[in-house]
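**Q** what follows is a predicted protein model with its sequence.
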Amino acid sequence: MLKGRATHLRLIVAACFSLTFAGTLYTQIGVATGNGVAVPARPLPPGLKPPTVNYVDIAAQAGLTAVDVSGAEKNKQYIVETTGSGVAIFDYDNDGLPDILLVNSNRFQQSGTPPTFTLYHNLGGLRFEDVTKKAGLAHTGWGQGVCAGDIDNDGYVDLFVTQWGQNILYHNLRNGTFRDETAARGLANARTRWSSGCAFLDFNRDGWLDLVVAHYLDFDPANTPHPGERSQCEWKGLPVICGPRGLPGETISLYENDGHGHFTDVSDRMHITTPKDYYCFTPIVSDFDNDGWPDIYVACDSTASLYYHNVEGKRFEEMGVEAGVAYNDEGREQAGMGVAVADFTHDGLFDIFKTNFADDTHTYYRNQGHNNFIDATIDAGLAVNTRYLGWGTAAIDIDNDGWKDLILADGHVYPEVDSGHTGETFRQKRLLYWNRRDGQFYDLSPHAGSGIAAAHSSRGLAVGDLNNDGNEEVLILNMGEAPSLLKNMAPVAGHSILIRTLTATNRDAIGARVIVTAGGQKQMDEVRSGGSYISQSDFRLHFGLGTAIYAGVSVRWPDGTMQSFSNVAAGEIVTIQEGKGIVRKQPYTVARP
């Protein structure tokens, strides 16, 4: 422990020397690999064979055709045109089939009908219907992120959408429609503000969902220089859009639910507010120190990332530097975008994986317990790719072996790179890392199918079992294109279970921890709102079981109470309600698209 703290002190010193940046949009800095040079992939040990994976993009067949708009396709003038938007997988009508929301942005030069968000209703069999207008979600504006949660505990999930402008709280009216109740719920901004990611959480465990909102920067086009006008507006000799460096930073907001679905800003009282020196993208919530209270990690761009330890619901203490998750292992700030959390090593502690800009590695922080993390990126074999600019990411068990793997959506921010002779491209392939089960990952991307190899400039990413067949699909937003929906067409490997948790309060049990024991191994996950890159994944938790056909399941509910169940069969969607136990078992479908 003392050694870990000494390391963190050295990182503080190193960070003091990391603030002289070249004029770039996002921080481009050397890492432990040597100025962004990738570490060669390690060969697999004898006898260790990766799974057969074949991800195929089935979005068009599924009916997902809405095109994302994020400013001009080329010659972008402002940073808000580069950040893209999030996506959500959630069941808005409680029919047991997760639906899809695609957040959309806007353009400065309007032509034709302004872009809107798109809500797709799941018809089953991986087919979707556009119900945006019917649901009351045909909103125009500069949308960014999305998170889901039942704010009034009426049994129907509501939506919060962040924007550059005014955020929106969509209340689910329980009849297939939503209503904008932002002002009535106390969530209206007094001025134009650029909010990025968000997450619902019950920080004080009173049974009512509160809300954390990250803000990116203080953006005003009238006071923002154009490409090439300042040193911060050039990159590798190319004139590019300005920011975030050189533009005013922002902070974090926390809103407390009063028990009636009305929110009050408690950022100052709960010690969430920081100096406006950060460019915050994606918050993710988890109980990182196993004390029963949800903590908050925020991936920040070109500034130190933030880690808020929850002090028993009374206040938060920001301790990113002390915990070892503010910088990389050289004490340098990185350009963080998206974040995933999982117990990758089955040690009972949640680790953090953060995506970053190109010419850098993504960062894997291994949890050592007691709010102490180490940068294990190189040791875990995750420093093998530095050419890709990462955004959305998720921990996903691609082969149902009970060990969480990693998927990443990539894409550059500068369309100019295609003609700038930098050796980079605006559209980039996805990355897929297989968990070797020995603390290391293997880059499976070259052998993972056309859906991984396809090049797009992607942003938001969410996962969920959209056809209830026991395997999760991957939804990805692509800038200037229709989304991708990735389905693994390889033969199903291993058994699995899908667990839905419910409570009388905090309906979807956000913050509940589920522990599954099968085949001699124990794995865990938590029900989360938000995460990835400003996106929302399915609340239902997917657990691979390998060859096991039964599992023991324990649930630690948000209020701290425990329930356990034995001999839970594989191949089912299991609904567990606090105090009532298993209330429903639904066998998987086996339909293929």
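**A** Perfect, thanks for sending it.
**Q** what are the ranges of the strands in the stretch 451-593 of the chain?
**A** For the stretch 451-593 of the chain, the strands defined by DSSP state E, counting those that start in this stretch cover 458-464, 473-478, 484-488, 495-502, 513-518, 521-526, 541-546, 550-556, 562-569, 572-577, 581-587.
**Q** and the gap between the spatially closest residue to Leu349 that is not a sequence neighbour and Gln577?
**A** The shortest distance from Leu349 to any non-neighbouring residue, by Cβ to Cβ, 6 or more residues apart in numbering, is to Asn367 (3.8 Å). For glycine as for every other residue, the C-beta is placed from the backbone atoms N, C-alpha and C. Distance, Asn367 to Gln577, using Cβ to Cβ, to the nearest Å: 30 Å.
**Q** picking that back up, so what's the residue nearest to Leu349 bridging to?
**A** Phe373 (DSSP bridges).
**Q** does it really touch Phe373, like I thought?
**A** Yes - in this structure Asn367 lies within contact range of Phe373 using Cβ atoms under 8 Å: 5.6 Å.
**Q** settle it for me: which of the two has more neighbours?
**A** Higher neighbour count among Asn367 and Phe373: Asn367, with 27 against 24, using other Cβ atoms under 10 Å.
**Q** how about the helices in this structure?
**A** For the chain, the helices defined by DSSP state H occupy 2-16, 59-62, 132-135, 320-323, 450-453.
**Q** other SSEs contacting the third one?
**A** Right, helix 132-135. strand 118-124 (3 or more Cβ pairs under 8 Å, 6 or more residues apart in numbering; DSSP states H and E).
**Q** list of residues touching the strand it packs on?
**A** Contacts to strand 118-124, defined as Cβ atoms under 8 Å, 6 or more residues apart in numbering, come from residues 63-64, 66, 91-93, 95, 97-102, 104, 128-132, 135, 137, 466-467.
**Q** which members of those are positioned in strands?
**A** 99-102, 128-130 (DSSP state E).
**Q** now rank the residues you listed by neighbours and give me the top one.
**A** Ranking the ones in strands among the contacts of strand 118-124 using other Cβ under 10 Å puts Leu101 first, with 28 neighbours.
**Q** for that one, give me its contacts.
**A** Counting by Cβ under 8 Å, 6+ apart, Leu101 has contacts 87-88, 90, 117-120, 137, 146, 159, 536.
**Q** and for Leu254?
**A** Neighbours of Leu254 in contact, by Cβ under 8 Å, 6+ apart: 203, 210-213, 265-267, 270, 272, 316.
**Q** those residues in strands, which ones?
**A** Using DSSP E, those in strands are 210-213, 265, 316.
**Q** take those residues and write them to JSON lines, including pLDDT and neighbour count.
**A** As requested, the ones in strands among the contacts of Leu254 are exported to JSON lines (pLDDT from 0 to 100; neighbours: other Cβ atoms under 10 Å):
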{"residue": "Asp210", "pLDDT": "98", "neighbour count": "24"}
{"residue": "Leu211", "pLDDT": "98", "neighbour count": "26"}
{"residue": "Val212", "pLDDT": "98", "neighbour count": "28"}
{"residue": "Val213", "pLDDT": "98", "neighbour count": "27"}
{"residue": "Asp265", "pLDDT": "98", "neighbour count": "17"}
{"residue": "Phe316", "pLDDT": "98", "neighbour count": "23"}
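**Q** nearest residue to Leu431 in space, please, no chain neighbours.
**A** Leu408 (4.2 Å).
**Q** now do Gly63
**A** Gly63 sits nearest to Phe128 (Cβ to Cβ, 6+ apart), 4.5 Å away.
**Q** same check on Ala570?
**A** His495 (3.7 Å).
**Q** quick check: the one you found touching Ile549?
**A** Yes - if you go by Cβ under 8 Å, His495 and Ile549 touch, sitting 6.0 Å apart.
**Q** so between the two, which is more surrounded?
**A** In this view His495 and Ile549 are compared by other Cβ under 10 Å, and His495 has more residues nearby, 23 against 13.
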